[in-house]
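Asker: after the sequence you'll find the predicted model.
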Amino acid sequence: MKFANLHERLFYEALRIRRAEERIIEIYPTDRIQSPVHLSIGQEAIAVGVCEPLRIEDPLFGSYRSHAFFLAKGGSMRDMFAELYGKATGGCGGKAGSMHLTAPEVGFMGSSAVVASTIPNAVGAALAAKRRGTGQVVVTVFGDGATEEGVYHESLNFASLHRLPVLFVCENNGLAVHSKLSDRQSYDLCQHAATYGLPTQRCREGWNFLLVRDEMARAAEEVRSGSGPRFLEYQTYRYQEHVGIGCDHDVGYRSRAALEEWQANDPLLHDSALVDAFDLAIREEIDDAVRFAEESPWPGPEHLLADVA
């Protein structure tokens, strides 16, 4: 696929993620997907904008809402769908499912269902990178709810104290399951991170993948130069329910008006020319990945204890 500019390339990658998750929504009621799913529809711009400036050798650690970052970092569409199906050809042999995707060959080091648990992994990787002099930038991505966990605070302190090459990237969709940020936190995310000595940046336009990319590129270059860690907050909005494929704007904890406000700025909903230009190629790739997953073998008894420590 040829792109006229960076905007088109990021648009393509974001649309690719959305179409993949829309296919998951279609398939999920058949029970062929053997895993709970946390969808990133509405949040794709952050994944593509964050990953674009990174090198393949720069490790990225995700959260359980990981499809978008897995694909944006270069993970295989076939591997992802096979893993969701629980098949032996999945990236983790069918054992990991949606919440534990990994693709270390492209620097996607893993994700976890346990909130905030990959943040210290990223800090450890950054410590190793600094001591080995690899020049890598390590990225850890998490939601606003993860900032309430003790290990998050310990990680920011340790990274700042040792001036580690790590970027803390917060996808702030304002919710921890159904709990609003204003009901959970007495602190401002950026102001609080700054108390550990980290430079911080807040992007309120998390739908704007070019703006996300530009801020990430500047921060990554500063970290790579040896100036220590950074904290980036990207405000965003998830369209679907916390876990699952449904919409929940009639449940009462958030309004449909807020959804419509975000969608009014969503380029994937409004740039019909680019959607038309890219849709066929993307859908063909997804069709191929789903076919691969459905035709792949199940893990056998010999795989039961493989890779289990």
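Answerer: Great, that's in hand. The model shown is predicted, which means the values in this text are computed figures rather than measured ones.
Asker: residues near the nearest residue to Y237 once chain neighbours are set aside, how many?
Answerer: In space, and not counting its chain neighbours, Y237 is closest to W262: 4.1 Å by CB to CB, 6 or more residues apart in numbering. To be clear about C-beta, it is placed using only N, CA and C from the backbone, and glycine gets the same treatment. When neighbours are defined as other CB atoms under 10 Å, W262 has 18 of them.
Asker: residue contacts, W262?
Answerer: Listed by CB atoms under 8 Å, 6 or more residues apart in numbering, the contact partners of W262 are G42, W207, Y237.
Asker: and which of those is nearest D183?
Answerer: The closest of these to D183 turns out to be Y237 (CB to CB; 17.4 Å).
Asker: need the phi and psi values for Y85.
Answerer: Here is the backbone geometry of Y85 (degrees, to the nearest 10): phi -80, psi -10.
Asker: hang on, isn't it packed against R291?
Answerer: No: counting by CB atoms under 8 Å, Y85 stays clear of R291, with 11.1 Å between them.
Asker: neighbour count for these two, which is higher?
Answerer: Neighbour count, other CB under 10 Å: between Y85 and R291, Y85 has more, with 23 against 12.
Asker: quick one: stretch 179-192 to chain centroid distance?
Answerer: Relative to the centre of its chain, stretch 179-192 is centred 21 Å away, using CA atoms, centre = their mean, to the nearest Å.
Asker: for it, buried residues please.
Answerer: In terms of neighbour count (16 or more other CB atoms under 10 Å), stretch 179-192 has its buried residues at L181, Q185, L189, C190, H192.
Asker: cool, stretch 135-143 as well?
Answerer: Q136, V137, V138, V139, T140, V141, F142, G143.
Asker: does the fourth one touch V123 like I think?
Answerer: This means V139. No: contact criterion CB under 8 Å: V139 and V123 do not qualify, at 11.3 Å.
Asker: overlap in contacts, those two.
Answerer: Common neighbours of V139 and V123 (CB under 8 Å, 6+ apart) are V166.
Asker: could you measure from the most centrally placed residue in the chain over to V139?
Answerer: Compute the mean C-alpha point of the chain, and by CA atoms, centre = their mean the closest residue is F69, 3.5 Å away. From F69 over to V139 the distance is 9 Å, taken as CB to CB, to the nearest Å.
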